[in-house]
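Participant: Dropping the sequence and predicted coords here.
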Amino acid sequence: MMNNLSNYIIPFMVFLIVLYGILKKINVYDVFVEGSKESFGMILNLFPSLLAMILGVNILIKSNLINIVLKMFSSIVNFFQIPLEVIPIALMRPISGSSSLAILNSIFANLGPDSFAAKLGSVLQGSTDTTFYILTLYFGSVGIKKIRYALWAGLLGDLIGIISSIIIVKIFF
């Protein structure tokens, strides 16, 4: 029932928008084409920033740097009894949401969705943000080159989210 309903929501919304435009005597097609033309310029402005971000994430993943960092943090992680499988999520989440989601998916597949690592990874995924992606996309789209304290504020928010996730999951699970 819900699958069928979800298939019709977007077409129904598009129909409502077109109907509203017709009732307001707006040429919906011309307005759509004009908006498409404006978005093309924005895409051209964002492309270099997104390309740099994708390149950086791929270099980080392919260089095996994550495993090197895991070895550095293994004694600290073991002391606080944090599953080692969750650390890549905490490291990748500020850089790439899809990469951290893929890591979480592998935790689900290998350890099960009810494992402590899966629960901690899920809370980490929800309580941190893609700081570098946000800065690249939003600041790059408006041409801001000096990000000042936005990076440090975002990373501090991510650190607080990581620490809070660990504490909350340890308390409740």
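Facilitator: Thanks, I have it.
Participant: C-alpha from now on. contacts and neighbour counts both.
Facilitator: Fine.
Participant: SS state for the most far-flung residue of the chain relative to its centre?
Facilitator: When distances to the mean C-alpha position of the chain are computed (CA atoms, centre = their mean), the maximum falls on residue 25, with 39.5 Å. Here residue 25 is recorded as coil under DSSP: H, G, I helix; E, B strand; the rest coil.
Participant: So for it, what's the pLDDT?
Facilitator: The score at residue 25 is 91. That number is its pLDDT.
Participant: And the pLDDT at residue 2?
Facilitator: For residue 2, pLDDT reads 61.
Participant: cool, residue 68 as well?
Facilitator: pLDDT, read off for residue 68, is 82.
Participant: same thing with the one 10 residues further on?
Facilitator: At residue 78 the predicted local distance difference test score is 86.
Participant: Name the residues of the lengthiest helix in the chain that come out as buried.
Facilitator: In the chain, with assignment by DSSP state H, the single longest helix is helix 28-62. If you call a residue buried by 16 or more other CA atoms under 10 Å, then helix 28-62 has these buried ones: 28, 45, 46, 49, 50, 53, 57.
Participant: List the contacts of the residue farthest from the centre of the chain.
Facilitator: Neighbour list for residue 25: empty [criterion: CA atoms under 8 Å, 6 or more residues apart in numbering].
Participant: What are the contacting residues of the helix or strand of the chain at the bottom of the mean pLDDT ranking?
Facilitator: Ranked by mean pLDDT, DSSP states H and E, the weakest helix or strand in the chain is helix 140-142, scoring a mean of 77. Residues from elsewhere that reach helix 140-142 (CA under 8 Å, 6+ apart): 42, 45, 46, 49.
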